[in-house]
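what's the 3D shape of this:
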Amino acid sequence: MKKKVLFLCTGNSCRSQMAEGLLRHMAGDRFEVFSAGTHPTTLHATAIEVMKEIGIDISRHVSKSVEDLTDETFDGVITVCDNARETCPVFPGPTQTLHWSFPDPARAQGDRDQVLIVFRRVRDLIRKTLRDALDNSTI
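You can find the predicted model right below:
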């Protein structure tokens, strides 16, 4: 039976979407993966682009509200930004809650190349954190 994991951030446009795509790619045989936002916006085009660079297509993902998932039971809820941690709802059942604070790449400043560098850095940080968590069985 697969564990159900939810990644939660504010806009569900970058960090939680990348985490969803990465975990599904890395261990989709063991996890049913979701993402949502406390104040969902739209999927960020640069997040799609940097994920494609590593062979993961998140272009069909859509931003979702955590409010639509509050009746779901999750084995794990991972907040990926401080705001989501502060406003994370309580989910029914025994749920492991983790907090991984990643910088918001949507706030990146500069030209296109500088923004891409920030998105790649955050993507790679999420990937390393997930790999460590999988290796140590913390999710």
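
tally of neighbours for residue 30?
Other residues within reach of residue 30 by the criterion other Cβ atoms under 10 Å amount to 14. C-beta here means a position set from N, CA and C on the backbone, and glycine is covered the same way.

find the nearest non-adjacent residue to it, please.
residue 2 (6.1 Å; Cβ to Cβ, 6 or more residues apart in numbering).

surely that neighbour meets residue 32?
Yes: using Cβ atoms under 8 Å as the test, residue 2 is close enough to residue 32 to be in contact (4.6 Å).

who has more neighbours out of those two?
With neighbours defined as other Cβ under 10 Å, residue 2 and residue 32 compare such that residue 32 has more, 15 against 12.

tell me the SS of that one?
For residue 32, the reduced secondary structure class is strand; criterion used: DSSP: H, G, I helix; E, B strand; the rest coil.

how much space between it and residue 22?
Taking Cβ to Cβ, to the nearest Å as the measure, residue 32 falls 15 Å from residue 22.

return the helix or strand of the chain with the lowest mean pLDDT as CSV; C-alpha atoms alone will do.
Each helix and strand of the chain was given a mean pLDDT (mean pLDDT, DSSP states H and E); the minimum falls on helix 82-87 at a mean of 72. These are the backbone C-alpha positions of helix 82-87, laid out as CSV (Å, rounded to 0.1, in the frame of the first residue of the first chain):
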residue,chain,number,x,y,z
ASP,A,82,7.2,29.1,6.5
ASN,A,83,3.8,30.6,5.7
ALA,A,84,2.3,27.2,4.9
ARG,A,85,3.7,25.9,8.1
GLU,A,86,1.9,28.6,10.1
THR,A,87,-1.4,28.1,8.3
